[in-house]
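J.: model this:
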Amino acid sequence: MSFESLKLESKIALGCWGFVGGSMWGDQQESDSIDTISAALESGINFFDNAHGYGDGYAEEVLGRALLGRRQQAIIATKITIDTDAEKDVTANCELSLRRLQTDYIDLLQIHWPNHQIPPDEVYQAFNKLLEAGKIRSFGVSNYGVGDLNDILEAGQVATNQLPYSLLFRAIEYQIQPLCVQRDVGILCYSTLLHGLLADKYATLEDMPDGRARTRHFSRSRPGTRHSEDGCEQETFAALQYIRQIAADLNQPVWLVAVAWVLHQPAVAAAIVGARNPAQIQQMAAAAELKLDPETIRKLNDATQPVKKALGSNPDMWDSDSRFR
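T.: Numbering: from 1, shown residues only. Presented below is the predicted three-dimensional model:
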């Protein structure tokens, strides 16, 4: 079982969380979401990442409706949770996703967050039964630190580990990414544009909406934050200014350079990006084609090194007491 067997047409994946709308993303019409999914397929992006937790299954339902009659064109990934019983919960949640997505198989089923009360070998066996039954084609994990990843790999190979990774959040480089390289685990990168910051939507700190300024980059005084840190707001916006200049020198938009940088990193299998209308996803497709030379990558690394240092090796973007193990 490997990520390569999924046969992606593009290393860009369309993340479906934004289809939920709400206070985090703003109002969203289902027709716009369906048009965006269609535009992704037409642009060569055939990989869609979803989760039970996105609108309590609503995002899965939207994707299922959008793919009616063209399921074979798409690679569907979704994420589930395990509460108390590995086999029971994995089987039940898989069946629930299959119904919502209106399909008889899922290309990549992932554990959204590890449950440390469930033995990893039980988790692996539960997913393996779905593989043998043809309900899924591969399985992966999400938000697994080196301890959890080593534990599940003792039971058997997993295809992917979905992790937060961007120019402005490089914590996985300390430990998790090297392990993924060593053990042939593909990294699916989420928050590649850091909730719009690397999309160059917010020129100043004051422009950032509170709902999108809850990560450890920002002060603990921000509404909705869970961490206890001062943040590194000055370093973050200074780095963003450097990134803008590097992108301008390349005659490219910031968001495209940011996504392309992620795709140049070791073990990265795909970058998950959000889009809520066709124009946005059509633009994103170009990131897979942008080649960055070693000198440009070095400049981008240097520009964001102060942020990497300030945030350290904790791969949890939201909590000081990391949920990663």
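J.: only C-alpha atoms for contact and neighbour calcs from this point on.
T.: Noted.
J.: where do the helices sit along the chain?
T.: 22-25, 30-42, 58-66, 86-101, 120-133, 146-155, 176-183, 233-250, 254-263, 278-284, 294-311 (DSSP state H).
J.: Which secondary structure element of this protein has the lowest mean pLDDT?
T.: Every helix and strand of the chain was ranked by mean pLDDT, DSSP states H and E. The lowest is helix 22-25, at a mean of 68.
J.: Count residues in the vicinity of Ala39, would you?
T.: Applying other CA atoms under 10 Å, we find 18 residues neighbouring Ala39.
J.: circling back: mean neighbour count, the helices of the chain: which tops it?
T.: Ranked by mean neighbour count, the helices of the chain are led by helix 254-263 with a mean of 24 (mean count of other CA atoms under 10 Å).
J.: Tabulate the helices of the chain (TSV), appending distance to Gln73.
T.: Shown next, in TSV, are the helices of the chain (distance: least, CA to CA, whole Å):
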stretch	distance to Gln73
helix 22-25	27
helix 30-42	8
helix 58-66	12
helix 86-101	14
helix 120-133	20
helix 146-155	31
helix 176-183	28
helix 233-250	33
helix 254-263	23
helix 278-284	17
helix 294-311	33
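J.: most remote residue from this structure's center?
T.: Relative to the centre of the chain, and counting by CA atoms, centre = their mean, the farthest-placed residue is Asp249 at 28.0 Å.
J.: Could you tell me the least trusted of the helices of the chain?
T.: For these, the bottom mean pLDDT is recorded on helix 22-25, which sits at a mean of 68.
J.: residues in contact with Tyr174?
T.: The neighbourhood of Tyr174, defined by CA atoms under 8 Å, 6 or more residues apart in numbering, consists of Ser313.
J.: Please renumber the chain so that the first residue is 24 from this point on.
T.: From this message on, residue numbering opens at 24, which makes the last subject Tyr197.
J.: tell me the pLDDT at it?
T.: The predicted local confidence for Tyr197 comes out at a pLDDT of 98.
J.: Same question for Gln185.
T.: What the model reports as pLDDT for Gln185 is 98.
J.: right, and it touches Gly168 too?
T.: No: between Gln185 and Gly168 no contact is recorded; they are 10.4 Å apart, counting by CA atoms under 8 Å.
J.: Not counting sequence-adjacent ones, nearest residue to the residue positioned nearest the centre of the chain?
T.: Among the residues of the chain, the smallest C-alpha distance to the mean C-alpha position (CA atoms, centre = their mean) belongs to Tyr213, namely 2.2 Å. Among residues not flanking Tyr213 along the chain, Pro187 sits closest, at 4.8 Å (CA to CA, 6 or more residues apart in numbering).
J.: List the residues that contact the one you found.
T.: Taking CA under 8 Å, 6+ apart as the definition of contact, the neighbours of Pro187 are Asn166, Ile195, Cys212, Tyr213, Ser214, Thr215, Pro338, Asp339, Met340.
J.: hmm, try it at 6 Å
T.: For Pro187, the contact set (CA atoms under 6 Å, 6 or more residues apart in numbering) comprises Cys212, Tyr213, Ser214.
J.: any idea how far the closest residue to the last one other than its chain neighbours is from Thr227?
T.: With sequence-adjacent residues excluded and distances taken as CA to CA, 6+ apart, Ser214 is closest to Pro187, at 5.6 Å. According to CA to CA, to the nearest Å, Pro187 and Thr227 sit 23 Å apart.
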